[in-house]
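**Q** Kindly return the folded structure for what I paste below:
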Amino acid sequence: METLTINVLDPKALKLIENLEALNLIHVVKSKSKDGSKKLSERLYGSLTDDDAEKMRIELNEMRGEWNRTI
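**A** Numbers count the residues shown, from 1 in each chain. Sure, this is the predicted structure:
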């Protein structure tokens, strides 16, 4: 048996999945987001190292400096 995660893009697809479950061809397990109650900033805090964050800051400043150039 294999477990898949599916993002339903159309309500019609959800109905098809429900029909497959009714035919006992699949079993739907609805998962709850563990981090859904946390703010995005709290979930992402610490995902970058200080070195990576500094490299990104430098790159952003360089890109912003290029915007001010006259062509």
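**Q** quick one: least confident helix or strand in the chain?
**A** helix 40-44 (a mean of 86; mean pLDDT, DSSP states H and E).
**Q** could you point out which element follows that one?
**A** helix 50-67 (DSSP states H and E).
**Q** got a list of contacts for that following helix?
**A** Residues from elsewhere that reach helix 50-67 (CB atoms under 8 Å, 6 or more residues apart in numbering): residue 48. No exception for glycine: its C-beta is placed from N, CA and C like everyone else's.
**Q** Give the rounded mean pLDDT of that helix.
**A** Confidence for helix 50-67, expressed as mean pLDDT, is 92.
**Q** for stretch 15-27, same thing?
**A** Stretch 15-27 shows a mean pLDDT of 95.
**Q** Dump that stretch to PDB, keeping only the CA atoms.
**A** Extracted in PDB, the C-alpha atoms of stretch 15-27 (Å, rounded to 0.1, in the frame of the first residue of the first chain):
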ATOM      1  CA  LYS A  15     -16.200  14.400  -5.500                       C
ATOM      2  CA  LEU A  16     -14.300  11.800  -7.600                       C
ATOM      3  CA  ILE A  17     -12.100  11.000  -4.600                       C
ATOM      4  CA  GLU A  18     -15.100  10.600  -2.400                       C
ATOM      5  CA  ASN A  19     -16.700   8.200  -4.900                       C
ATOM      6  CA  LEU A  20     -13.500   6.100  -5.000                       C
ATOM      7  CA  GLU A  21     -13.600   5.900  -1.200                       C
ATOM      8  CA  ALA A  22     -17.300   4.900  -1.300                       C
ATOM      9  CA  LEU A  23     -16.300   2.000  -3.600                       C
ATOM     10  CA  ASN A  24     -13.600   1.000  -1.000                       C
ATOM     11  CA  LEU A  25     -10.900   1.500  -3.600                       C
ATOM     12  CA  ILE A  26      -9.100   4.100  -1.500                       C
ATOM     13  CA  HIS A  27      -9.100   5.400   2.100                       C
END
